[in-house]
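Q: I'd like to go over a predicted model; first the sequence, then the structure.
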Amino acid sequence: MSFNYLFILSILLFLAVTVIVFRVLNHFFKWLGEKLSSGKSAVKAPETPGGRTRQAILSVLNHILVICLVLFTMAISLEGTIFKADFVVDEIQRLDVNATVTGMLNQQSTDQLLDTLKELFPSSVSATAEELSNQVSNKVNKLTTDQVYGAASVQATMAVFEPSLREELVGAIYSVYDYFDGKTADPNVDIPLGSLRDSLRANLEKAILSSPPAELTNASPEQIQAYIDTVYQKQFAHIPSDAVLSLKTASPYVASPLKLMRLAFTYLPSFRMVMLALIAISMAGIILASKNLKTALWTLGFTVVISIIVDYMYSTLAKLASTHTDAYMFLPSINVWLINLLSDVLEFIKEPIMALLGIGLAMLFLALVLVIFDRPKKPAKVISGSE
């Protein structure tokens with residue numbers, strides 16, 4: 001299934017969940033209101049066809065209003081966070097580049113170990129348990145030794161190259177966001193890694209020569225160089241000479257999200273204004289379709305409060321999902337960075353939510369004030385003068 005289909009399905013799922021939650025909360029508040037007023041005698045007027053039509057219109061407008069309010073707050077949050085290059089750059093500064101590169105090295109060593117075990121176990125039919133155990137032990141020890149040398153090389157290299165790598169990464173982010181904003185036709189990211197590879201090779205050789213493994217104690221310089229070349233090929237040969245991101249060479253799985261993000265950047269401001277216009281039209285329609293102003297304010301206030309509950313529900317679900325790092329197929333350092341990124345985005349969404357909460361409570365308060373002042377006054381008792 002392509003990325004575009006997944007995006008469309010996620011939008012449909014969002015709309016369905018929002019409508020369901022709204023209807024559940026709306027029915028709950030109505031039930032609660034009936035329970036609170038159950039002690040008062042009330043006679044329901046028979047519902048006319050015009051009344052049913054008005055109720056249907058109010059229901060549709062309320063559904064449109066709550067969806068638009070939720071989407072509007074999300075759009076504001078995205079515009080203030082993910083859709084700003086400076087925000088992402090600030091987040092990138094918190095990424096532990098050294099731990100990320102080391103984690104990539106460890107992941108590669110784990111993959112090598114799995115490949116080795118796959119090679120050994122088919123031959124286990126003719127090998128005894130002791131022979132198989134020795135083979136596995138030797139392979140694991142060899143990979144562990146190579147990994148130690150590789151880690152030492154990475155630490156020495158990153159101590160020098162980490163600032164420049166961060167600078168290159170920041171420049172790449174601004175290039176990608178220029179593409180998203182429509183300033184360029186292609187991201188054209190090209191980060192040279194040749195010097196990094198040379199440094200890794202030199203530091204690996206230095207680490208091995210300073211403390212060679214036991215099997216190279218009496219080895220010749222040619223054998224040591226051959227061992228260095230072997231470890232380098234296993235640990236760092238996969239690093240390209242240039243890290244390139246371009247639509248011309250990117251796979252469909254990379255190009256499709258990039259193009260979709262470009263469309264989102266193009267239409268998000270218009271989308272936000274459309275949502276704002278629909279909110280205003282829905283509110284005006286609810287006021288016109290209601291029997292009186294206090295009923296309209298009461299309905300609007302509850303609808304706004306329900307939209308805040310829906311927003312808070314999505315934020316809570318996102319925060320709970322971010323805490324389960326096992327669900328991510330990324331390195332631990334990247335998982336931590338993604339959790340912090342999502343936390344900052346969710347922190348930003350609190351501002352529009354609190355603003356909506358103030359509007360909703362103000363509407364409910366005004367409705368209560370109108371109810372209080374609209375109560376019929378009891379006629380004053382007339383006292384006769386003869387008494």
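A: On my side now, so go ahead. Residues are numbered from 1 along each chain as shown.
Q: now do the buried residues in stretch 343-354.
A: Taking 16 or more other C-beta atoms under 10 Å as the basis for neighbour counts, the residues of stretch 343-354 that come out buried are 345-346, 348-349, 352-353. Quick note: C-beta positions are derived from backbone N, CA and C, even for glycine.
Q: of those, closest to Thr303?
A: Thr303 lies nearest to Ile353 out of the buried residues of stretch 343-354, by C-beta to C-beta, at 14.7 Å.
Q: for the closest one, give me its contacts.
A: Under the criterion of C-beta atoms under 8 Å, 6 or more residues apart in numbering, the contact list for Ile353 reads 73, 308, 311-312, 315.
Q: dump these to JSON lines, plus neighbour count.
A: Formatted as JSON lines, the entries for those read as follows, by neighbours: other C-beta atoms under 10 Å:
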{"residue": "Thr73", "neighbour count": "24"}
{"residue": "Ile308", "neighbour count": "22"}
{"residue": "Asp311", "neighbour count": "24"}
{"residue": "Tyr312", "neighbour count": "14"}
{"residue": "Ser315", "neighbour count": "20"}
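Q: and the helices in this protein?
A: In chain order, the chain shows helices spanning 3-36, 49-80, 85-92, 97-120, 129-180, 194-210, 221-236, 252-289, 293-323, 332-348, 350-373, with DSSP state H as the criterion.
Q: which helices and strands does the third one pack with?
A: The one in question is helix 85-92. Taking 3 or more C-beta pairs under 8 Å, 6 or more residues apart in numbering; DSSP states H and E as contact, the helices and strands that helix 85-92 lies on are helix 129-180, helix 332-348.
Q: and Ile67, which of these is closest to it?
A: helix 332-348 (20.2 Å).
Q: which secondary structure elements does the closest one contact?
A: Using 3+ C-beta pairs under 8 Å, 6+ apart as the contact criterion, the elements in contact with helix 332-348 are helix 49-80, helix 85-92, helix 97-120, helix 293-323.
Q: now those in JSON lines, with mean pLDDT and distance to Arg272?
A: Putting the helices and strands packed on helix 332-348 into JSON lines (pLDDT from 0 to 100; distance: least, C-beta to C-beta, whole Å) gives the following:
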{"stretch": "helix 49-80", "mean pLDDT": "87", "distance to Arg272": "4"}
{"stretch": "helix 85-92", "mean pLDDT": "90", "distance to Arg272": "17"}
{"stretch": "helix 97-120", "mean pLDDT": "57", "distance to Arg272": "34"}
{"stretch": "helix 293-323", "mean pLDDT": "84", "distance to Arg272": "15"}
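Q: take those helices and lay them out in JSON lines including distance to Phe29.
A: Listed next are those as JSON lines, based on distance: least, C-beta to C-beta, whole Å:
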{"stretch": "helix 49-80", "distance to Phe29": "12"}
{"stretch": "helix 85-92", "distance to Phe29": "37"}
{"stretch": "helix 97-120", "distance to Phe29": "48"}
{"stretch": "helix 293-323", "distance to Phe29": "6"}
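Q: what's the closest of these to Tyr177?
A: Each of the helices and strands packed on helix 332-348 was scored for nearness to Tyr177 using C-beta to C-beta, and the closest is helix 85-92 (3.8 Å).
Q: ok and that closest one relative to helix 332-348, angle-wise?
A: On the basis of axes from the mean of the first three to the mean of the last three C-alpha atoms, to 10 degrees, helix 85-92 is oriented at 140 degrees to helix 332-348.
Q: now helix 85-92 against helix 49-80, angle please.
A: An angle of 60 degrees separates the directions of helix 85-92 and helix 49-80 when computed by the same axes, to 10 degrees.
Q: ok, and what's touching helix 85-92?
A: With C-beta under 8 Å, 6+ apart as the contact definition, helix 85-92 has outside contacts at 80-82, 166, 169-170, 173-174, 177, 337, 340-341, 344.
Q: from Ala296, how far off is Ala284?
A: 10 Å (C-beta to C-beta, to the nearest Å).
Q: and Ser251, by the same measure?
A: Separation of Ser251 from Ala296 (C-beta to C-beta) stands at 53 Å.
Q: neighbour count winner among the two?
A: Ala296 (21 against 7; other C-beta atoms under 10 Å).
Q: which ones are touching the more buried one?
A: 286-287, 290.
Q: which of the residues you listed has the most neighbours?
A: Top of the contacts of Ala296 by neighbour number is Ile286, holding 21 neighbours under the definition other C-beta under 10 Å.
Q: tell me the buried residues in stretch 83-94?
A: Neighbour-count burial for stretch 83-94, counted by 16+ other C-beta under 10 Å, picks out 83, 85, 87-89, 91-92.
Q: any idea how far it is from the middle of the chain?
A: Put simply, stretch 83-94 sits 14 Å off its chain's centre (C-alpha atoms, centre = their mean, to the nearest Å).
Q: likewise for stretch 356-363?
A: Here the centre of mass of C-alpha atoms in stretch 356-363, compared against the chain's by C-alpha atoms, centre = their mean, lies 28 Å away.
Q: now do stretch 70-85
A: With C-alpha atoms, centre = their mean, you get 12 Å for stretch 70-85.
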